[in-house]
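Visitor: My questions are about this predicted structure, shown below with the sequence.
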Amino acid sequence: MYLILIIPLVVSVLSFVIKKSMRTMSLIVLASSLIELIFVFCIVLEVFANGPRTISSYFAIDYLGAIVLLIIGTVGCAVQWYSIGYLKSEMAKKIIGFNRVRQYFVLTNLFIFAMLFSAVTTNPILLWIAIEATTLSTAFLISFYNKPTALEAAWKYLIINSVGLLLAFFGTLLFSYPALNSGHTILINWNILLANAGTIDPFIAKVAFIFILIGYGTKMGLVPMHTWLPDAHSKAPAPVSSLLSGVLLNVAFLAILRFKVLSDVMVGPKFSQDLLIAFGLLSMLVAAFIILVQKNYKRLLAYSSIEHMGIIALGFGFGGVGAFAALLHMMYHSLAKSILFLSAGNIFLKYSSTKIVNIRGMLRVLPTTSIVLIIGFLAITGVPPFGIFLTEFSILSAGITAHPLVVVLALFAMALVFIGFLMHVISMIFGEKEESIAQGEASGTIAPIVVLVIIFITLSVYIPPALHDAIGNVAGIMPL
């Protein structure tokens with residue numbers, strides 16, 4: 001298990017020491033990401049087959065951790081693969097030099113390491129440290145191009161997330177107090193916290209979960225703590241945006257779910273469910289209205305991420321079938337949003353603009369990316385037969401009896417999102433292209449996106465029984 005943590009650290013060090021050889025860098029990054037994916041698959045399959053695996057007092061992999069590991073490994077490998085072609089194109093245009101490429105791979109591998117660490121640690125303090133580490137590594141990636149707007153977005157991201165995580169740390173201490181007060185001398189883990197759950201005052205537990213939800217909800221992008229997300233996603237390189245949206249938001253939600261289990265034991269499930277429903281619905285509505293009038297395609301995708309985090313929060317708020325569908329939705333969203341952000345990277349490489357009004361005639365200029373963009377649009381907006389349609393339908397079905405008004409408003413938000421996406425995608429795909437823009441895709445950027453599309457379509461029509469059972473095991477601990 002430790003190999004999946006060691007590999008990105010080793011690659012980060014190698015990326016720092018390599019001098020002036022893009023070929024060597026590319027081979028190391030591609031080989032290491034594939035090896036990492038293989039190790040992740042082996043560990044995940046073992047957990048799916050034999051149940052949760054305890055490595056030590058501070059590291060273990062349960063079903064939820066395995067699902068998140070699967071997301072990190074799959075999307076991380078595709079993004080690293082894509083990054084090679086993307087950065088080569090940027091170097092060919094003299095936008096960046098090799099030193100920037102070195103910095104990029106040092107930071108992205110540290111970012112991936114921190115997310116992997118978050119998924120496998122059993123200690124809430126170490127979890128907090130790992131998620132804080134993702135903030136530090138990605139802040140420099142957001143400011144990658146050193147433009148004033150990118151630096152502003154990076155500082156905004158750093159300050160807002162640091163404040164949010166400070167609140168999460170305070171909530172963590174409140175949850176940990178009973179275990180610490182009972183005389184535990186080692187670093188506490190989730191099992192120790194659960195064993196001492198009955199000794200905490202219910203009011204303190206409620207306050208603690210509110211701090212956790214606001215703190216990690218900031219990292220997750222829930223409204224109204226979301227303000228960093230559109231700026232960060234629009235200014236970061238496209239593959240970094242893919243990792244932020246497709247992976248990091250899920251890692252933050254993993255932290256919330258860990259504490260939700262504790263909160264449900266301490267004060268009952270209704271408290272956490274009502275909060276998740278409220279934040280989830282608010283996120284969906286705010287994102288939907290902004291998507292409708294959005295003028296920047298990367299910000300459009302960022303607000304779509306906020307909407308989908310709201311949908312996932314609704315699923316766990318409704319519980320039962322809704323929790324099962326929310327976990328599956330988490331996987332579908334990671335794949336679909338990665339497809340869209342990497343496609344956005346191809347668009348930016350060709351048009352050198354993120355403004356929707358400047359993107360015309362994509363079907364002639366970038367035919368393959370255009371097809372992928374259409375698939376991604378249909379997938380992310382929940383059009384059948386794509387898997388997100390099934391998960392959204394299941395989530396809304398789970399809440400229609402107890403929360404009919406919430407379901408109606410959620411449907412309204414989804415309809416607005418579809419209309420907004422349809423308008424923007426049509427305007428980009430069709431129309432007359434500028435004569436100065438040559439036709440052709442950037443070398444090395446299509447294959448990883450196509451692989452993600454194949455995986456997404458396959459999972460939309462067939463969910464492996466082992467994965468289905470693992471999701472069911474996680475959803476089973478969520479109350480009906």
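Guide: Structure's in. What do you need?

Visitor: From residue 329, how far off is the residue nearest to residue 450 when sequence neighbours are not counted?
Guide: Using Cβ to Cβ, 6 or more residues apart in numbering and skipping residues adjacent in sequence, the residue nearest residue 450 is residue 372, 7.2 Å away. Heads up, the C-betas are built off the backbone N, CA and C, glycines and all. Per Cβ to Cβ, to the nearest Å, residue 372 is found 21 Å from residue 329.

Visitor: Quick check on those two: which one has the bigger neighbour count.
Guide: Each of residue 372 and residue 329 has its neighbours counted (other Cβ atoms under 10 Å); residue 329 has more, 24 against 21.

Visitor: Which secondary structure state is assigned to the more buried one?
Guide: Here residue 329 is helix, with the state taken from DSSP: H, G, I helix; E, B strand; the rest coil.

Visitor: List the contacts of the nearest residue to it once chain neighbours are set aside.
Guide: Once flanking residues are discounted, residue 329 sits nearest to residue 391: 3.8 Å by Cβ to Cβ, 6+ apart. Residues near residue 391 by Cβ atoms under 8 Å, 6 or more residues apart in numbering: 315, 325-326, 328-329, 332.

Visitor: From residue 214, how far out is residue 391?
Guide: From residue 391 across to residue 214, the span is 26 Å (Cβ to Cβ).

Visitor: Rounded mean pLDDT for stretch 51-58, please.
Guide: Mean pLDDT, stretch 51-58: 84.

Visitor: gap between the two ends of that stretch?
Guide: 18 Å (Cα to Cα, to the nearest Å).

Visitor: Same question for stretch 178-188.
Guide: End to end - Cα to Cα - stretch 178-188 spans 11 Å.

Visitor: which of the residues in the helix or strand hosting residue 81 are buried?
Guide: Assigned by DSSP states H and E, residue 81 belongs to helix 63-92. If you call a residue buried by 16 or more other Cβ atoms under 10 Å, then helix 63-92 has these buried ones: 63-90.

Visitor: Stretch 154-165 now?
Guide: Buried, per 16+ other Cβ under 10 Å, within stretch 154-165: 154, 156-158, 160-161, 164-165.

Visitor: now do stretch 417-431
Guide: Residues 417-418, 420-421, 424-425, 428-429 are the ones in stretch 417-431 that count as buried (16+ other Cβ under 10 Å).

Visitor: Can you name the two of those residues that sit furthest apart?
Guide: 417 and 429 (17.9 Å; Cβ to Cβ).

Visitor: In CSV, please show the C-alpha coordinates belonging to stretch 410-423.
Guide: The C-alpha atoms that make up stretch 410-423 are tabulated as CSV, following Å, rounded to 0.1, in the frame of the first residue of the first chain:
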residue,chain,number,x,y,z
ALA,A,410,-33.7,20.6,-7.9
LEU,A,411,-35.4,19.6,-11.2
PHE,A,412,-35.8,23.3,-12.0
ALA,A,413,-32.0,23.9,-11.4
MET,A,414,-31.1,20.9,-13.6
ALA,A,415,-33.3,22.2,-16.4
LEU,A,416,-31.6,25.6,-16.3
VAL,A,417,-28.2,24.0,-16.4
PHE,A,418,-29.2,22.0,-19.5
ILE,A,419,-30.5,25.1,-21.2
GLY,A,420,-27.4,27.1,-20.3
PHE,A,421,-25.0,24.3,-21.5
LEU,A,422,-26.9,23.8,-24.7
MET,A,423,-26.8,27.5,-25.7
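
Visitor: which residues of this protein score low on pLDDT?
Guide: 1, 179-186, 433, 435-436, 477-480 (pLDDT under 70).

Visitor: Verify the stated contact: residue 240 with residue 140.
Guide: No: using Cβ atoms under 8 Å, residue 240 makes no contact with residue 140, being 10.1 Å away.

Visitor: okay, those two: which has more neighbours?
Guide: Ranked by neighbour count (other Cβ under 10 Å), residue 240 and residue 140 place residue 240 first, with 25 against 16.

Visitor: What values do phi and psi take at the more buried one?
Guide: phi -70, psi -40 (degrees, to the nearest 10).

Visitor: Repeat that for residue 222.
Guide: According to degrees, to the nearest 10, residue 222 has phi -70, psi 140.

Visitor: cool, the one 4 residues further on as well?
Guide: Main-chain dihedrals, residue 226, degrees, to the nearest 10: phi -90, psi 0.

Visitor: what's near enough to touch it?
Guide: Here residue 226 is in contact with 218, 283, 286, 306 (Cβ under 8 Å, 6+ apart).

Visitor: What about these, which one has the most neighbours?
Guide: residue 283 (30 neighbours).

Visitor: wouldn't that one be in contact with residue 305 here?
Guide: No: counting by Cβ under 8 Å, residue 283 sits too far from residue 305 to count as a contact (9.8 Å).

Visitor: Which residues are in contact with each of the two?
Guide: residue 221.

Visitor: okay, the contacts of residue 391 in a markdown table with distance to residue 204 next?
Guide: Output for these, formatted as a markdown table (distance: Cβ to Cβ, whole Å):
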| residue | distance to residue 204 |
| --- | --- |
| 315 | 28 |
| 325 | 32 |
| 326 | 28 |
| 328 | 34 |
| 329 | 32 |
| 332 | 37 |
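
Visitor: Just name the closest of the residues you listed to residue 43, please.
Guide: The closest of those, once distances to residue 43 are taken by Cβ to Cβ, is residue 328, at 20.5 Å.

Visitor: Residue 468 is in what secondary structure piece?
Guide: helix 465-476.

Visitor: contact partners of that helix?
Guide: With contacts defined as Cβ under 8 Å, 6+ apart, helix 465-476 is touched by 45, 47-49, 63-64, 66-67, 70, 320-321, 323-324, 327-328.

Visitor: Could I get the buried residue list for it?
Guide: Under the neighbour-count criterion of 16+ other Cβ under 10 Å, helix 465-476 has 467, 470-471, 473-475 buried.

Visitor: What ranges does the chain have for its strands?
Guide: 53-54, 60-61 (DSSP state E).

Visitor: which strands and helices sit next to the last one?
Guide: Right, strand 60-61. Identification of packing neighbours for strand 60-61 by 3 or more Cβ pairs under 8 Å, 6 or more residues apart in numbering; DSSP states H and E yields strand 53-54, helix 98-120.

Visitor: TSV for the ones you listed, including mean neighbour count and distance to residue 451?
Guide: Below are the helices and strands packed on strand 60-61 laid out as TSV (neighbours: other Cβ atoms under 10 Å; distance: least, Cβ to Cβ, whole Å):
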stretch	mean neighbour count	distance to residue 451
strand 53-54	14	28
helix 98-120	22	18
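
Visitor: can you tell me which helix in the protein is longest?
Guide: helix 148-181 (DSSP state H).

Visitor: Remind me what it packs against, helices and strands.
Guide: Here helix 148-181 touches helix 124-142, helix 190-195, helix 202-220, helix 228-235, helix 249-267, going by 3+ Cβ pairs under 8 Å, 6+ apart.

Visitor: These: which one's closest to residue 409?
Guide: Closest to residue 409 of the helices and strands packed on helix 148-181, according to Cβ to Cβ: helix 202-220, at 19.4 Å.

Visitor: The closest one: which residues count as buried?
Guide: Buried positions in helix 202-220, judged by neighbour count with 16+ other Cβ under 10 Å: 205-206, 208-220.
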